[in-house]
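My questions are about this predicted structure, shown below with the sequence.
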Amino acid sequence: MRDRARVKREISRTAALLALVFLVACGRCGAPATRDTSADEHSIPVAPPSAAAVPVAVERTVERPSIHRVTFRFAPSKAAGIVFVEAPPRLPFSLDYLGGKGSQVSFELPYQCTCPCGRCACPPPPGPPELGDKALLQLLDSGSQVAWDGRQMQILWQEVKCPDGARGKARQGSFEPAPAGHYRASFNIGRNPSGCTPAPGGKLQLCAKVTEVDLASVEFDLPKEGELAVDVPVAAK
C-alpha cells in the first residue's frame, strides 16, 4: 500500500511539471504576431525609384583630325540642275567599304538608348520631319564637286562608374579617319527641282518632291593619307 501511494505522488508531481512547462511555452499563444523592430535603428531606408531620380543616357562624340581629302567631281556639261535626294545629314552620298567582309560607312552616331548602369530614361528616337509634299534636297555646288574629309563614325565603349559603385559601359562616337582600302560612293541624283527655298542651315533646299531619281556610283581606292580626286559618271539628260 505504501509503494502504491508513493507511485501516485510521483505521477501527480510529473503531471504538475508538464502543465507548468506547457503554460510557459504557450504563454503567448493566441496573441497577435508582431514584427521584430530591434534592428530598425540600424537599417537603411530604401525609397522607391522616381522618374526624376533616374538619369538620362547621355552619349557624346569626339572628333579626330582628318588626314584625307576626297573630291568627287561631276562633269560640268552633265551637272546642270543636279540635286542630291535623300542625302544623309553630313554628306549627300552613301559609302560602302568593299574590303574584307564589307560594310556601310557611317557618318553619324545611330540612335540607340544605352543605360550604362542598368536603368535610365531614354528620349524617343527622332522622327523624320513633316514636310508634306516637299523634300529636303542638297544642291550640287557651283564647282560641280562634293568633298569628303575621309572620316567615318566609329562606336566605342567606355567603362563608367555607377552611383552604386558598380561598373557599366557607356557608348561613345568617334569621328575618325577611315582605313585605307577600296570603297564605293553612291549618289541619288535628281534634276531641276521646282519651288525651292533655302532650308535652315544653308546646305539644303526645301523643294517639291523629285519623282525621277538616278543612281550614280563610283569605286575608288582610299590611300593611307593625302588627297584624291574621283570622277563620278553621270548620264547626260
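All right, it came through fine. Numbers count the residues shown, from 1 in each chain.

Give me the next element, helix or strand, following the helix or strand of the chain with the lowest mean pLDDT.
The helix or strand of the chain with the poorest confidence is helix 2-25; it has a mean of 48 (mean pLDDT, DSSP states H and E). On the C-terminal side of helix 2-25, the closest following helix or strand by DSSP states H and E is strand 60-63.

which neighbours does that next one have in its sheet, and in what orientation?
Note on strand 60-63: by DSSP bridges, its sheet partners are strand 167-177 (parallel).

State the paired neighbours of whichever helix or strand comes after the strand it pairs with in the sheet, together with their directions.
Next along the chain after strand 167-177, taking DSSP H and E as the criterion, comes strand 181-191. Strand 181-191 pairs in its sheet with strand 82-85 (antiparallel), strand 94-97 (antiparallel), strand 214-222 (antiparallel), by DSSP bridges.

Mind checking the pLDDT average for the first one?
Read it as strand 82-85. For strand 82-85, mean pLDDT is 84.

returning to what we had before: how about the strands paired with strand 181-191 in JSON lines, adding distance to residue 136?
All C-beta spots, glycine's among them, are computed from the backbone N, C-alpha and C. Shown next, in JSON lines, are those (distance: least, Cβ to Cβ, whole Å):
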{"stretch": "strand 82-85", "distance to residue 136": "9"}
{"stretch": "strand 94-97", "distance to residue 136": "16"}
{"stretch": "strand 214-222", "distance to residue 136": "18"}
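
Nearest to residue 230 among those would be which one?
With Cβ to Cβ, the closest approach to residue 230 among these belongs to strand 214-222: 4.7 Å.

where are the low-confidence patches of the protein?
Scanning the chain for pLDDT under 70 picks out the ranges 1-60, 86-90, 119, 121, 126-129, 201-202, 237.

switch to 90 and redo it
1-64, 75-92, 99-104, 106-144, 153-175, 190-214, 234-237 (pLDDT under 90).

Would you mind saying which of the strands paired with strand 181-191 lies nearest residue 132?
Using Cβ to Cβ, the nearest of the strands paired with strand 181-191 to residue 132 is strand 82-85, at 16.5 Å.

returning to that earlier point: just say which of the strands paired with strand 181-191 is most tucked in.
When you average the neighbours per residue for each of those (mean count of other Cβ atoms under 10 Å), strand 82-85 leads with a mean of 23.

May I have it exported as PDB, CA atoms only?
Extracted C-alpha coordinates of strand 82-85, given in PDB (Å, rounded to 0.1, in the frame of the first residue of the first chain):
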ATOM      1  CA  ILE A  82      21.600  68.200-110.200                       C
ATOM      2  CA  VAL A  83      20.400  67.800-106.700                       C
ATOM      3  CA  PHE A  84      21.100  65.000-104.200                       C
ATOM      4  CA  VAL A  85      18.000  63.200-102.900                       C
END
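
With the flanking residues excluded, which residue is spatially nearest to residue 114?
residue 171 (4.6 Å; Cβ to Cβ, 6 or more residues apart in numbering).

Dig out what that neighbour forms beta bridges with.
residue 157.

What of residue 229?
Beta-bridge pairing of residue 229 under DSSP bridges involves residue 71.

Would you confirm that residue 94 contacts residue 215?
No: in this structure residue 94 lies outside contact range of residue 215 using Cβ atoms under 8 Å: 10.1 Å.

which residues touch residue 164?
Shown in contact with residue 164 (Cβ atoms under 8 Å, 6 or more residues apart in numbering): residue 117.

tally of neighbours for residue 208?
Residue 208 has 13 neighbouring residues, counting by other Cβ atoms under 10 Å.
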